[in-house]
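J.: what's the 3D shape of this:
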Amino acid sequence: ALVADRWYHLVGVIRGAGDMDIYVDGIDDGGSYSGTGGAMSISSGIPTIGQWLAPTDNWLSGKVGYIYLYNNCALSASDVVLLYKDPFCFMQPTWNYYWYGGIGVVSPAGQFIFINFN
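T.: Residues are numbered from 1 along each chain as shown. All right, here's what the predicted structure looks like:
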């Protein structure tokens, strides 16, 4: 169980419908999951982290340090451990950095997005 007032490193890997893993502090949670996974898409509105579809469903009561989104790149268990030990290990000095309304985006050939909520 998660404990209040403590930072956690959370990773969700979705490889396809019904094929997903959740890692907490670099360790596979090992649970069973219902439902399906698939492509994430935003057709309209503002993307939101920690909230369900309705604007009154405020599920997250806490802070989010960083969010990484990978496109067509399912992380391996060893990738997750590397990110837990060093959250910036996949960044390269030649990547392009962009800022959109306080959100930072890093993109090498469209494969990686980094969003900073600080």
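J.: only C-alpha atoms for contact and neighbour calcs from this point on.
T.: Noted.
J.: in the chain, which ranges drop under the pLDDT threshold?
T.: 35-59, 71-72, 91-118 (pLDDT under 70).
J.: now the strands for it?
T.: Assigned by DSSP state E, the chain shows strands spanning 10-16, 19-24, 27-28, 66-70, 96-100, 103-107, 112-116.
J.: Would you agree R15 is in contact with A74?
T.: Yes - R15 lies in contact with A74 (CA atoms under 8 Å); the separation is 6.0 Å.
J.: roughly how far apart are L60 and A77?
T.: Using CA to CA, to the nearest Å, we find L60 at a distance of 26 Å from A77.
J.: what does G12 give?
T.: For G12, the distance to A77 - CA to CA - is 11 Å.
J.: Same question for W7.
T.: Counting by CA to CA - W7 and A77 are separated by 20 Å.
J.: same question, C89
T.: 15 Å.
J.: Backbone dihedrals for G30, please?
T.: phi 70, psi 10 (degrees, to the nearest 10).
J.: mind listing what it touches?
T.: Neighbouring residues of G30 by CA atoms under 8 Å, 6 or more residues apart in numbering: D21, I22.
J.: what's the neighbour count on the closest residue to I27 other than its chain neighbours?
T.: Leaving out its chain neighbours, the residue that sits closest to I27 by CA to CA, 6 or more residues apart in numbering is V81, at 7.5 Å. Per other CA atoms under 10 Å, the neighbour tally for V81 reads 17.
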